[in-house]
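Trainee: mind looking at a prediction? Sequence and model below.
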Amino acid sequence: MLQEESDLSLIIAQIVQKLKGSNLYSQLERQAWASLQRPEIKLESLKEDIKEFFKISGWEKKLQNAVYSELSVFPLPSHPAAPPEHLKEPLVYMRKAQGNWEKRILKSLNSMCTELSIPLARKRPVGEQKELLNKWNEMGTDEPDLSLFRPVYAPKDFLEVLINLRNPNYENGDSLSFRTHLGLIQVPLKVKDIPELKECFVELGLNTGQLGIDDSTQVPPELFENEHVRIGQKVLAEQDSAAAQQYIRQGSPTALRAELWALILNISSEPEDVLYYEQLKTNVIQHDLLVDSLIYKDVKLTASNDDYYFVFEDYLYQVLLCFSRDTSVLSHFAYNSASPPKSYIRGKLGLEEYAVFYPPNGVIPFHGFSMYVAPLCFLYHEPSKLYQIFREMYVRFFFRLHSISSHPSGIVSLCLLFETLLQTYLPQLFYHLREIGAQPLRISFKWMVRAFSGYLATDQLLLLWDRILGYNSLEILAVLAAAVFAFRAVNLMEVTSLAAAEAVLADLSTLKVMPLLQIFLFATVT
Amino acid sequence: MSRVLVPCHVKGTVALQVGDVRTSQGRPGVLVIDVTFPSVAPFELQEITFKNYYTAFLSIRVRQHTSAHTPAKWVTCLRDYCLMPDPHSEEGAQEYVSLFKHQMLCDMARVSELRLILRQPSPLWLSFTVEELQIYQQGPKSPSMTFPKWLSHPVPCEQPALLCEGLPDPSRVSSEVQQMWALTEMIRASHTSARIGRFDVDGCYDLNLLSYT
């Protein structure tokens, strides 16, 4: 029909426009020019012959992967009358709430700036630049005085904002009625129930082999594991992003994981990418930002204290400091409900030519932010590749965990999904916890905001993140949170306070993620 | 297709409810919006766009003039079009919607009045309506020009004179030249949207405080 055709041509035009600025475009152009030397390319049928050449030499596959990547990340073009804010977030009251939350963060950062009399940004003197360059690979040994710095916000502050989120057009009566939500989240977003989740996560079913379950020592590898590894190698040989995404839903073998994630996220390490990372490194050396101190503090408080991740402390600085200077991250704000903070060059307040974003990538780190990077250090050891993978994971998934939006993978929907699953399938447990003043979301929120990083054992965490990539959605975090509560339900029924409930759920490091998910989705009697 | 905005007058919403609006407990689940076109003659309706605000189902009736002598009748052109797949949740609640001529049940010629019937069966919402309503009619077709006679009535093809052997076929040459011309045009028209990547202004990144606006 007319509408669908025009939608399709609009999507195609949008993707073409985006790809035109990319590395792949210039590479394809160069290849096309070079191919003119080849005997099979004739001038009369130039277009067809070059297309054929691209197909045979594997360049068409690269283009296919790039288009697939764009489709996964960018939302569909919206109605022509819709303003750009609508694409960021369609619901007006959520946009307002996000704007208010951002104002609070900015106020907090500004007050820290004035209290400590530290500028937001300053150019480093040459001596300091040389010193930093020398100890670039061991920034962890530096022990600056960070006692006066405090994180801008912690997940529990954000939770309070979400609890107070209200739709002005919704019946928020004071008395309890069928309209009130029994959990903490009071906005009526659409969330999936277990039958819909079963359909969505069909590859996690009981009849399908999984890494995380069917590769344990008791199961002979001929049954599933060997074949799965063989298919994985084939997928990597084909270099097909879409096939890799489908494959990884059953988990990724440890040896193939780094390459598979790079294929799905469409990251290839070209010399230009290494050069880009080096440029960011130069920016770090030249300018010192207040945000850097926040990053230092966060790494020292979280990753450095973690048994699994403290060895990667230096890598974390190298990635996060460069991340703050990367202006290409600004493009994700087109579909993120958040907006980057703005500032003006000193003395030029109000003049638009001197308006800049602060930090250059528009993302202010919060307490626990460095935990998004830490698990990736197990997979990638080369800093520029590690950086690219993290950046892509952030602009695809992690940004949704700390901004207010109605997206099905946004943190508000995940919280509501968790509460709804618990209420529907474990009503006794939910009621009991509510009665003792231990609303389940207060315990599980921190797990979901960090995508379980730092709470699960690393091999289990990587199996979980395999599925996030495979299904291109974060809903599995909410399902896992509910599954954990279901697993420890017997103990939780006996507690009588929030502190005791927290204690029961304090240590998740022994949990096996895939059996929990499978039992909760497919094997629980409802 | 080009379209032209038709100036319309949107009357206030009227709630359909049994009993007195003030004293009864529930909220009306049906609203009616009348749209008139005071200064425009009956026209062919091309497109309706609006922003939804918590309306679940939409029906549209139009008053059509069929011929010069019979009085205009009301015809239903859209019945229970679903705007919110789940009336109790936020999905589709504040979306921008376009409805086109080809989605309607009847043809949209000679429309003089429009009536939108909004339904929201869920009692959870305090109010519902549609906003930014805009009606479009078909834009004017490109103005017709009179072509010179030799263009509109070409002379019947003469048999081309037989060329010497060895020269390429002229129609093939012309199609190839056309392709190459198209390629050069494309290259000329394309420009990259590559970013520069600098975050400072002329090497300076000395900042004031963060701005709240």
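Mentor: Structure received.

Trainee: in three-state terms, label the residue lying closest to A:L223 once chain neighbours are set aside for me.
Mentor: Closest residue to A:L223 in three dimensions, ignoring its sequence neighbours and counting by Cβ to Cβ, 6 or more residues apart in numbering or on different chains: A:D214, at 6.8 Å. Where C-beta positions appear, they are placed from N, C-alpha and C, glycine not excepted. Classification of A:D214 by DSSP: H, G, I helix; E, B strand; the rest coil places it in coil.

Trainee: test my guess that A:D214 contacts A:F224.
Mentor: Yes: in this structure, A:D214 is within contact of A:F224 by Cβ atoms under 8 Å, at 4.3 Å.

Trainee: which ones are touching residue 135?
Mentor: Answering for chain A, as no chain was given. Contacts of A:K135 were listed using Cβ atoms under 8 Å, 6 or more residues apart in numbering or on different chains, and they are A:141-142.

Trainee: please refer instead to chain B.
Mentor: B:5-6, B:8, B:35, B:37, B:45, B:47-48, B:114.

Trainee: what helix or strand is it located in?
Mentor: strand B:129-138 (DSSP states H and E).

Trainee: avg pLDDT for the longest helix along chain B?
Mentor: Using DSSP state H, we find that the single longest helix of chain B is helix B:170-189. On average, the pLDDT along helix B:170-189 is 78.

Trainee: and it, which residues are buried?
Mentor: By neighbour count, and taking 16 or more other Cβ atoms under 10 Å in any protein chain shown as the criterion, the buried residues in helix B:170-189 are B:E176.

Trainee: go on, stretch A:218-230?
Mentor: By neighbour count with 16+ other Cβ under 10 Å, stretch A:218-230 contains the buried residues A:224-225, A:228-229.

Trainee: for these, give me a markdown table that also has distance to chain B.
Mentor: As requested, these are arranged in a markdown table below (distance: Cβ to the nearest Cβ, whole Å):
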| residue | distance to chain B |
| --- | --- |
| A:F224 | 38 |
| A:E225 | 41 |
| A:H228 | 37 |
| A:V229 | 40 |
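
Trainee: can you list which of those residues are found in helices?
Mentor: Taking DSSP H as the definition of helices, the buried residues of stretch A:218-230 contribute A:225, A:228-229.

Trainee: for whatever residue of the stretch 151-300 of chain A ends up closest to chain B, list the residues it contacts.
Mentor: In the stretch 151-300 of chain A, the residue that lies nearest chain B is A:K190 (3.9 Å; Cβ to the nearest Cβ). Residues in contact with A:K190, defined by Cβ under 8 Å, 6+ apart, are A:408, B:85-86, B:89-91.

Trainee: closest one of these to A:V490?
Mentor: A:P408 (31.6 Å; Cβ to Cβ).

Trainee: give the contact list for that closest one.
Mentor: Applying Cβ under 8 Å, 6+ apart, the residues contacting A:P408 are A:190-192, A:473, A:475.

Trainee: out of the contacts of B:I135, which are buried?
Mentor: The buried subset of those (16+ other Cβ under 10 Å) comprises B:6, B:8, B:35, B:37, B:45, B:47-48, B:114.

Trainee: ok, which pair from those residues is furthest apart?
Mentor: Comparing all pairs in these by Cβ to Cβ, the longest separation belongs to B:F37 and B:E47, at 14.8 Å.

Trainee: skipping its backbone neighbours, what lies nearest A:P340 in space?
Mentor: Excluding its sequence neighbours, the residue lying closest to A:P340 (Cβ to Cβ, 6+ apart) is A:G362, at 2.5 Å.

Trainee: you'd agree that neighbour is up against A:F333?
Mentor: Yes: with contacts defined as Cβ under 8 Å, A:G362 counts as touching A:F333 at a distance of 6.2 Å.

Trainee: intersection of neighbour lists for these two?
Mentor: Contact criterion Cβ under 8 Å, 6+ apart; residues shared by A:G362 and A:F333: A:339-340.

Trainee: could I get the full set of helices for chain B?
Mentor: B:149-152, B:170-189.

Trainee: which among those is found nearest to A:K20?
Mentor: Distances from A:K20 to each of those were compared using Cβ to Cβ; the shortest belongs to helix B:170-189, at 11.3 Å.

Trainee: anything in the closest one near chain A?
Mentor: Yes: under the criterion of Cβ under 8 Å from any Cβ of the partner chain, chain A is reached by helix B:170-189 at B:172, B:176, B:179-180, B:183.

Trainee: quick one: which of the residues you listed is nearest chain A?
Mentor: Chain A lies nearest to B:E176 out of the residues of helix B:170-189 next to chain A, by Cβ to the nearest Cβ, at 4.7 Å.

Trainee: so what's the closest one closest to, chain neighbours aside?
Mentor: Of all residues not flanking B:E176 in the chain, A:E44 sits nearest, at 4.7 Å (Cβ to Cβ, 6+ apart).

Trainee: so what's that neighbour up against?
Mentor: Neighbouring residues of A:E44 by Cβ under 8 Å, 6+ apart: B:172, B:176, B:179.

Trainee: can you add distance to A:D307 and give the residues of helix B:170-189 next to chain A back as CSV?
Mentor: Compiled in CSV, the residues of helix B:170-189 next to chain A are given as follows (distance: Cβ to Cβ, whole Å):
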residue, distance to A:D307
B:R172, 73
B:E176, 69
B:Q179, 64
B:M180, 65
B:L183, 60
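
Trainee: so, low pLDDT: which residues of chain B?
Mentor: Of all residues in chain B, those with pLDDT under 70 make up the ranges B:1, B:19-25, B:141-166, B:187-197, B:213.

Trainee: does the host helix or strand of A:L294 come close to chain B?
Mentor: When secondary structure is defined by DSSP H and E, A:L294 falls within helix A:290-301. No: for helix A:290-301, no contact with chain B is found by Cβ under 8 Å from any Cβ; the gap never falls below 9.3 Å.

Trainee: give me the helices and strands touching that helix, please.
Mentor: Packing contacts for helix A:290-301, counted by 3 or more Cβ pairs under 8 Å, 6 or more residues apart in numbering or on different chains; DSSP states H and E, involve helix A:92-116, helix A:313-324.

Trainee: what about the helices in the stretch 51-200 of chain A?
Mentor: With DSSP state H, counting those that start in this stretch as the definition, the stretch 51-200 of chain A shows helices at residue ranges A:59-73, A:84-88, A:92-116, A:126-134, A:155-163, A:194-200.

Trainee: other SSEs contacting the first one?
Mentor: Right, helix A:59-73. helix A:2-20, helix A:23-35, helix A:46-57, helix A:241-247, helix A:383-396.

Trainee: equivalent analysis for the third one, please.
Mentor: Counting contacts by 3+ Cβ pairs under 8 Å, 6+ apart, helix A:92-116 packs against helix A:155-163, helix A:290-301, strand B:207-211.
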